[in-house]
Structures are given as C-alpha cells and as structure tokens.
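Student: fold the following, please.
(2 chains)
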Number of protein chains: 2
Amino acid sequence: MSNVDSKFRHLLQPKSVAVIGASNSPEKAGYIITANLLNYKNGKIYPVNPKISEVLGLKVYPSILDIPEDIDLAVVTVAAQNVPEILSECARKNVKFAIVVAQGFSDAGKEGEALQKKIDEIIMQTGLRVIGPNSMGIINASNSLITTFVPIPNLKVGDIALIAQTGVFCGAGLIWLLSFNFFGLSKSIDLGNKCDVDDAELLEYFLEDPDTRFIFIHMEGVKDGRRFFDVARKVSRKKPIIVLKGGRTDEGARVVASHTGSLAGLENVYNAAFKQAGILRVNNLEELLNLIQALKFSPLPKGDNVAILTFSGAFAALLTDLCVENGLKLAKLSDETLSKIRNLSPPYVNISNPVDIWPAVMVKGAENVYPIAIDALLNDPNVDSIIVFQGFSRFFPEFWGLSPRIILKHLDRVVEKPLILSTIGEPLTVDELNKVTKLFNEKGVLFYQSIDAPIKVLNQLRQYKIYLDRVERKGV
Amino acid sequence: MSNVDSKFRHLLQPKSVAVIGASNSPEKAGYIITANLLNYKNGKIYPVNPKISEVLGLKVYPSILDIPEDIDLAVVTVAAQNVPEILSECARKNVKFAIVVAQGFSDAGKEGEALQKKIDEIIMQTGLRVIGPNSMGIINASNSLITTFVPIPNLKVGDIALIAQTGVFCGAGLIWLLSFNFFGLSKSIDLGNKCDVDDAELLEYFLEDPDTRFIFIHMEGVKDGRRFFDVARKVSRKKPIIVLKGGRTDEGARVVASHTGSLAGLENVYNAAFKQAGILRVNNLEELLNLIQALKFSPLPKGDNVAILTFSGAFAALLTDLCVENGLKLAKLSDETLSKIRNLSPPYVNISNPVDIWPAVMVKGAENVYPIAIDALLNDPNVDSIIVFQGFSRFFPEFWGLSPRIILKHLDRVVEKPLILSTIGEPLTVDELNKVTKLFNEKGVLFYQSIDAPIKVLNQLRQYKIYLDRVERKGV
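Tutor: Sure, this is the predicted structure:
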C-alpha cells in the first residue's frame, strides 16, 4: 500500500468507529447510522451519548473521552452549535478522522460561517482530519463501512468511486445507479462543505486505490483550482474522471453558494479547464450511467468517422443529425464494404452511409444480412465506430428481436472498435435490460434503449481518446 | 360529420379493403397485412393475387377488377415496377384510396423518380388518392383497421394522432409509446414519400376528427410550406401539434433526400415557422412522451416563474441551471410563502427559492411539512409553476416514498398551475410507473423519473401558452 492509501486508511478501513450523537429512536439519524455500522466488517463500533446507556445492544459512552480504546473515525451527528466542542474532544482523543453531518455552517449565512471558522481552527491546531460539515457520510463497499443514515438495499461492490457535494450519491442517486448490473461501487464520499478533505486529495487517493478504476465527481466548485486540475491531469490519464457540475448558470451558482458555500460560476473557465485535464462531463445521472457502460466495455474510437446501420431511413436521418450536432462525421464507406452490402440488397437501393438494411433483410432474411454487413463495417478502415439502430422487443423474439440476437450469435470476437446497439420498442424491465446489456458488453458491444445516448457517448469516448493521444505524444 | 371528415372516410372507415399482393407465406408482408385486416370491424377484406386462390380462409381474386363489390381502399404490396399498372386498375375500379407500400420511387435515384412520376400522372388523371409510396400503412385504433405488417400487441384507443414519414410510428416506436398508460392512439398514418396525401391535408382532417385531441408529426420536409404552416396555425390553437423533424443538419438533410426524396434543411427557417405556427418541437420519443403527459394533464403556466422544492441542495442547483438554460426564471416567493416555510424549518436554514425542505422534514416530519409547503406555493401569486424533486423508491414506502404519498393524500383539488413531481431512486417498472403516474395525473400533477424532463416540458408548456395568448389577443 502506498503512502496516499495509508493516509485515508483510518477513514476507509477504521479499526474503530465512534458514533457521537447515537440515539435509541429508530427514526433518528443517530440510530440508523449505528444500525448501518453494525454491518461493518473490520472494526468496532462505539456509540456516544451522555443521556443513554445502550443502543442496539451496544454500550453507550457519555463522551468520546470515556472510550477505553483508540478511535480511528468519529461520525459526528450532533447539532451544528455543538460540533466545535465535540471536534475538540475528538482531537484530544487523537481521533484521526471525523465526519460532520450537521448543516448550518458556511451553507447558512454569517453565523454559520463563524461556526465553520471554529472547525477550521481546530483542524489547523490539532491535525484532526474532517469530512464535511454538511456531509451525509461515506460508504466503502468492499468492507461494508456505511456511515450514512440511508439504507442502500442494493449495494454491490465494483470499480467506480464517487466523490460528491451531496448525499444523493450515498442515497437515492446511488440506489438508482446500483440498479444497473455494470455499476458497482468502490467508495462513495459526500464531501459536503469541504472545510478540510477535498476532491484533489481524494483523486490522489483513488489514483492509487486498487479497487477503483473510474472516478465520478459531483462538484459545485473547487477552492484551489490550480491544485485540483494539476491532480486531475495526473489521474485522468490512468483512470477516467467524470464530472457533474452544479452552478453552470449565474442563478445556479447563487444556489450553490447558499448550499455548500462553494464558489461556482465562471462556466467557460471550468469548461476549458475540464477539457485540458481530460475530464469528461455529464449533465445528469442517465448520462453518467451511459458513459460508465461505455468506458467499462467499449474500445475508444480512433477517429470521428461513424457508420450507421438501421432498419429505418427516418431514424438514419435523426441519427445523422445527432452525429453532426455532437462533432462526429459520417464515415465514407470503403468500396469493399459498399459492394458487400450492395450484394445483399435489392438493386433499387442506393447503399451509402447510413446503411438502410431493411430492404436487404426483406429480401434475404436477417440471418443472412446482419453478420455480413456488420463484419464489413468492423473491417472497414474508414469506419472508426458503428451504431446499429434496431427495433427490439421481448414480444417478438422471432421478428424484431432477431437482429440483435443474430448480431450476438455471429460476433465471434470482442470488437476492436466501438459498436453500439441502440434500440426502440416495448421498454424492458431493469432485470431484462441488465441481462441483455451483459450479453452485449461481454463482446465489447454497448447496448442502449435510446437514440441520443449512443451518439453522446461516442463523442465523449472520442474526446477522451484525443486527450490520451495528446498526453502520449507529449510523452508526459 | 364535416366535409373534411367524409373526405377521408374511405381511407379510415372503408366499407371494403383489397389487399393487392396477398400471400400464403406467413413471413411475407402480403400475408401479415391480410391477417391484421381480419381484425377490422367495419368492412370486408378482399385479397388479390393471380397465383393463389385462398388466403386465411378468404377467396383470392386474380385482379381487383374481378372483385364483384365496390372497393374503398386498396393496400398495394407489390414490387415497385408493378405499382403503376396496379394503380391504374384501382382507378378503373373506382377505388377511393390506395396505400402503396413498396420502396424504390423518389427514394431511389432517377429510375425511382421516373416510376413515381407515373404514379403522379395516374393520380392527376383519375382522382385516385394515394398514401405513399414507401408507406408502411395506416392504423385506425377505434375500429381496429391495421393495414401494416407489424403486429401491435398493446394497441389501445386514445386521443393522439400520429402522422409520420416512417413506419416506426406504426411499429417499434408506436409499441414503445403505447406502453405508457396515458398514451392512446386515435390514428397513425405513415405518409412515406407523400406523392399525394400530405401533412397539411391530414392536419385539417384531425382538426375535425372528434377522436383526436393531440397531433404528432414526424416530418422530414414539407413540399408546400406556406400551405402547411397556414393549416398548422389554424389547427394548433385548437389541438396541440408536436413535431419531430429529421434533417436538422446539412448531412441529415442529405440522408432525408435519399430516404423519402423530401427537401429538408433550412433549419432556421423551419424553426421560425414552427414557432410562428405554435408548433411544439421534440428531438426524440422520450421528449414526445413527456410532453404528451404534460399537455394531457397539466394546466399551462401563466408566466416564467418556477418554484423548486427539493430534499437536495445539490439538485436544487442543477434544477436551477436547467431552468435558466430553458428560458425560465426562479420565482421570487411571496413573504407569506417564505414565512410559512420558515416556520417549518430550523432557524439556521435560509429559506428562499429553491426551497431546501430537508431540514424541515428532519425536524417536523414529512407529514407536517409537505402539505403546508406545497399549499403555500400553489397559493403564491408569484409562482407560475412548481417542481418538486424527491427521492422515491418502492423499497422504502415509509421513508422516501412518504413525501410523494403525502403530496397525493393532502392534495384536495386538481391543481390550477403546473405541479411536477420529479424523482430519483431505484427505477420503477413500466407497470409501477403507470400506476404512480395515473394517481398524480388525476390531480393534474405530472410525474417524471428524470431531472431534465420536467424543465424541458415546462418550457414547452410555457411556449404554447404564450402562443395561445398571442392568438387570443389578436382575436383571430
């Protein structure tokens, strides 16, 4: 384990955790946090509250100073005005990390700012490390350390780390993401107002963390921009960084200021800096999910040239519009590809890109058309990536379901360029979607039930490839 | 019934339908079309094919001229080069409408254009009306007239008419749309290359059609723009028109030209004309679905001022960004509203718009907070529409599911301004989504599992209201 890793060992693999503000009322955060921590595998839990003596079968200590053992991590769930005193006690006890849950600091006007200043002083004077304030907590999926007060019924271990300025990614948002089979969590950390630990430090940690391959950051602003982007540049060439940023507009920036006290705004500056640092940007959770699937399973496109294969001329036009609007180009298919597909099609069909495959299927049958057409596109040096847009429904496995299954059946290798299957039809349940997606992902193929998603994702993969190529050319 | 209605009576309520090119091979279009037409309630079916004598228990006629009865509608599913001769026979038989399925006309180079010219001449000389060529057919949901070769297992009657230049809206796209309980069909018509019947004529028909309240058009281009927009202006003040247009970019326009022979392009011109005619625009099927829910159930917003109520400051910022990016504004809440919500919240919380309701819920419980806060916003004259962003999951009916259920329970009236509940959490199945959406829709409330959807929809509702107000002011 590296130095960086050991630095956060007490936070993410604590030998002992105190819950300051533990409670016996099942609806209170201090109860749910204690209950969640009972699932933790690698350390002991010490509830603290001067007013009660037992929580969930655990002995409760009046103060953290009364605990007979060393404490690595304290989860502090007391009212804002009591936080400075509690943190001072934590420092005296030589606690390594404290997570401060309460709101009411730099997110709450002048009084709040004064309170946060007191925390800053304690940190400076004692070396206590703090997550928050205004943090919902942290999750380490690999050892079931959950300091939050939201149950995550579908928690599954994976290679994606989340850093956020909102508890949504330790709660509702995380549950949504985890519903999809390729989305597994390494760690999730709500940084809240970031009075101490910040994105840059965590990025450095996740660069070294063997459990993490992809890093998502929900960000409202960074305090030390130069340092953040320096670190991000170092990290993004090894592990993709995806950012969702609030406060893109002036009005949004004002909301951010009142929410976590961060300075947002300067959208153009952020945009340029993100690009320079190889950071990929999404605007909502759907885009995050779509991009994660792509980064996990697809090769990166070597150029901008897209081939489109579809059963609908109308959707070929819409897909072309989307390509151009996303900075991509229609590939000029090679003569070999054109003649292979022409041989499958009735003579009146003018074969070019986008390829309308419907007439060929009508004449020769899907089984005799798709394998040849897709193989031709995969082998065409003029084609950097391929989008196949198809009808797909569990109602008609023999009809519309046919072409996706044929594609799967005849694909005898993991693809070496992006191949995206995009479908329309009766919507699948999440379970069905997970099953289908997995089959395609195993061959490097992406699967979406959307017309926009594949093109947005292709553009992002392409941007990332351009960034990596630039980094490599510069020999950094 | 008006004149306009009677004009299309022979197409949509035919007393007799001939299938020219009927087949006995179950995988052929000529078989599936005949099979689909057996469900038709209000007329007789006459298969035509010189080579066979029976299809699905029906007598087959060698030629349409051999049928002893009058024929209102002929579905022509023969190869392109045979179409002119068949249409001439239809004209001789005094058939009123013919649907031409084959591709290979203006969509297929010079030879195809010559062939389409022959059809044009027949139409001019005989008065035969033609849908297509290159049309997948039509569906009249109210009498189960389905001339297409795709089974629609979930067909349900409703008030939405589709006009398209692609069969997707008689097939895969339609199945997807019909999966949502508020989406029911009046008629769907694939116009294909539009050599005769066009959007404008159908718009006039749907204006009078008592089964149709909303009109969706998938369009690649219009031939007589002035006439189309004149008609659209007349229709859109009575029934909303929604357009999805292919060929927004030059490259997309080129694809359109090769696909249906329409002239697309001139994006700016189209954009201005759509706006002038009160036409609402969507870019994909999800946006169509979201807008249909809104137009069906929500009142229109009287102004741009949006109130946001959420459990997450981070998502409040993202929603604010989306509002501004969609031309909307954050409402300045009235003093009365502010003081009502302040009374619910801990003193450190700075109440403004967006309203962070989480601290109040933590202190007083959702049951005591949501009804008062939402009622205050509904009664606030400064607020034109309301977005409530919430966690929601069937896993935790008592926790995150609480606030949506409380909102429902305490809403004692159908809302008089747009109120949109937008949620995040573990994804619902379509059945669950339909159930939940219906409960909210009954009170005029919209329900989406998305952060972008509500804002896009609000913007569109607002644009439509501005258009209707302008029309009314002008007294037209």
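Student: show residues contacting the longest helix along chain A.
Tutor: Longest helix of chain A, by residue count under DSSP state H: helix A:453-473. For helix A:453-473, contacts defined as C-beta atoms under 8 Å, 6 or more residues apart in numbering or on different chains pick out A:236-237, A:240, A:275, A:278, A:280, A:286-287, A:290-291, A:293-295, A:298, A:300-304, A:306, A:319, A:322-323, A:326-328, A:385, A:387, A:418, A:420, A:422, A:446, A:448. For every residue, glycine as well, the C-beta is placed using N, CA and C.
Student: strands - which of those land there?
Tutor: Here DSSP state E is the test, and the contacts of helix A:453-473 give A:280, A:306, A:385, A:387, A:420, A:422, A:446, A:448 as lying in strands.
Student: just the buried residues from those, in PyMOL please.
Tutor: Applying 16 or more other C-beta atoms under 10 Å in any protein chain shown to those, the buried members can be selected in PyMOL as follows:
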select buried, chain A and resi 280+306+385+387+420+422+446+448
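Student: for the ones in strands among the contacts of helix A:453-473, point out the one with the lowest pLDDT.
Tutor: Lowest in pLDDT among the ones in strands among the contacts of helix A:453-473 is A:Ser422, which has 91.
Student: in this structure that residue contacts A:Ser450, no?
Tutor: Yes. Because the distance of 6.4 Å satisfies C-beta atoms under 8 Å, A:Ser422 is recorded as touching A:Ser450.
Student: can you list residues touching both of these two?
Tutor: Common neighbours of A:Ser422 and A:Ser450 (C-beta under 8 Å, 6+ apart) do not exist.
Student: okay, the ones in strands among the contacts of helix A:453-473 in CSV with distance to chain B next?
Tutor: As requested, the ones in strands among the contacts of helix A:453-473 are exported to CSV (distance: C-beta to the nearest C-beta, whole Å):
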residue, distance to chain B
A:Leu280, 17
A:Val306, 11
A:Ser385, 16
A:Ile387, 13
A:Ile420, 16
A:Ser422, 11
A:Leu446, 18
A:Tyr448, 12
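Student: of the ones in strands among the contacts of helix A:453-473, which is the nearest to B:Ser188?
Tutor: Nearest to B:Ser188 among the ones in strands among the contacts of helix A:453-473 is A:Ser422, at 22.4 Å by C-beta to C-beta.
Student: what's near enough to touch A:Ile138?
Tutor: Shown in contact with A:Ile138 (C-beta under 8 Å, 6+ apart): A:11-12, A:99, A:131, A:145, A:147-148, A:170, A:187-190.
Student: the residue nearest to A:Gly104 when sequence neighbours are not counted: neighbour count?
Tutor: Counting by C-beta to C-beta, 6 or more residues apart in numbering or on different chains, A:Ala80 is the residue found nearest to A:Gly104 once chain neighbours are left out, at 3.4 Å. Residues lying near A:Ala80 (other C-beta atoms under 10 Å in any protein chain shown) number 23.
Student: now the stretch 151-300 of chain A, which segments are flagged as low pLDDT?
Tutor: For the stretch 151-300 of chain A, the stretches with pLDDT under 70 are A:258-265.
Student: ok, so what distance separates the residue of chain A most remote from its centre from chain B?
Tutor: No residue in chain A sits farther from the centre than A:Pro347, which is 47.8 Å out by C-alpha atoms, centre = their mean. The span separating A:Pro347 from chain B equals 9 Å under the rule C-beta to the nearest C-beta, to the nearest Å.
Student: for that residue, phi and psi?
Tutor: phi -60, psi -30 (degrees, to the nearest 10).
Student: just the pLDDT for it.
Tutor: Reported pLDDT for A:Pro347: 84.
Student: what sits against it?
Tutor: A:Pro347 touches nothing, counting by C-beta under 8 Å, 6+ apart.
Student: likewise A:Phe214?
Tutor: Going by C-beta under 8 Å, 6+ apart, A:Phe214 touches A:159-161, A:239-240, A:242, A:292, A:295-296.
Student: mind redoing it with 6 Å?
Tutor: Contact analysis of A:Phe214 by C-beta atoms under 6 Å, 6 or more residues apart in numbering or on different chains lists A:160, A:240.
Student: what bridges to it?
Tutor: A:Ile160 (DSSP bridges).
Student: so how far is A:Gly104 from it?
Tutor: Look at A:Phe214 and A:Gly104: by C-beta to C-beta, to the nearest Å, they are 34 Å apart.
Student: who in the stretch 1-150 of chain A is up against chain B?
Tutor: A:104, A:108-109 (C-beta under 6 Å from any C-beta of the partner chain).
Student: quick one: buried residues of stretch A:176-183?
Tutor: Residues of stretch A:176-183 classed as buried by neighbour count (16+ other C-beta under 10 Å): A:176-183.
Student: ignore the last one, stretch A:21-29
Tutor: Buried, per 16+ other C-beta under 10 Å, within stretch A:21-29: A:21-24, A:28-29.
Student: mind checking which of those residues land in helices?
Tutor: Taking DSSP H, the ones among the buried residues of stretch A:21-29 that sit in helices are A:Ala29.
Student: could you report the neighbour count for A:Leu309?
Tutor: By other C-beta under 10 Å, the residues close to A:Leu309 number 27.
Student: my error: substitute A:Leu12 in the last question.
Tutor: Using other C-beta under 10 Å, the number of residues around A:Leu12 comes to 23.
Student: tell me the centre residue of chain A?
Tutor: Note: chain A centre (C-alpha atoms, centre = their mean) maps to A:Phe216, 4.1 Å.
Student: report the secondary structure state of it.
Tutor: Three-state assignment for A:Phe216 (DSSP: H, G, I helix; E, B strand; the rest coil): strand.
Student: does it touch A:Ile242 like I think?
Tutor: Yes. Here A:Phe216 lies in contact with A:Ile242, judged by C-beta atoms under 6 Å, at a distance of 4.8 Å.
Student: residue in the stretch 51-200 of chain A nearest to chain B?
Tutor: Chain B sits closest to A:Thr166 of the stretch 51-200 of chain A, with a gap of 3.1 Å, by C-beta to the nearest C-beta.
Student: burial check on that residue, number of neighbours?
Tutor: With neighbours defined by other C-beta under 10 Å, the count for A:Thr166 comes to 27.
Student: can you tell me the closest non-neighbouring residue to it?
Tutor: Once flanking residues are discounted, A:Thr166 sits nearest to B:Ala314: 3.1 Å by C-beta to C-beta, 6+ apart.
Student: pLDDT at that neighbour, what is it?
Tutor: Looking at B:Ala314, its pLDDT stands at 89.
Student: residues contacting it?
Tutor: Counting by C-beta under 6 Å, 6+ apart, B:Ala314 touches A:165-166, A:246.
Student: can we see that at 7 Å?
Tutor: Counting by C-beta atoms under 7 Å, 6 or more residues apart in numbering or on different chains, B:Ala314 makes contact with A:165-166, A:168, A:218, A:220, A:246, A:259.
Student: what helix or strand is it located in?
Tutor: Using DSSP states H and E, B:Ala314 sits in helix B:313-325.
Student: following that helix, which helix or strand shows up next?
Tutor: Following helix B:313-325 toward the C-terminus (DSSP H and E): strand B:329-330.
Student: now that next one: average pLDDT?
Tutor: The pLDDT scores in strand B:329-330 average 97.
Student: wondering if it reaches chain A at all.
Tutor: Yes. Interface with chain A: strand B:329-330 contributes B:Leu330 (C-beta under 7 Å from any C-beta of the partner chain).
Student: mind checking how far that strand is from the chain centre?
Tutor: Centre-to-centre, strand B:329-330 and its host chain are 29 Å apart (C-alpha atoms, centre = their mean, to the nearest Å).
Student: what packs against it?
Tutor: Under the contact definition 3 or more C-beta pairs under 7 Å, 6 or more residues apart in numbering or on different chains; DSSP states H and E, strand B:329-330 sits against strand B:305-310, helix B:313-325.
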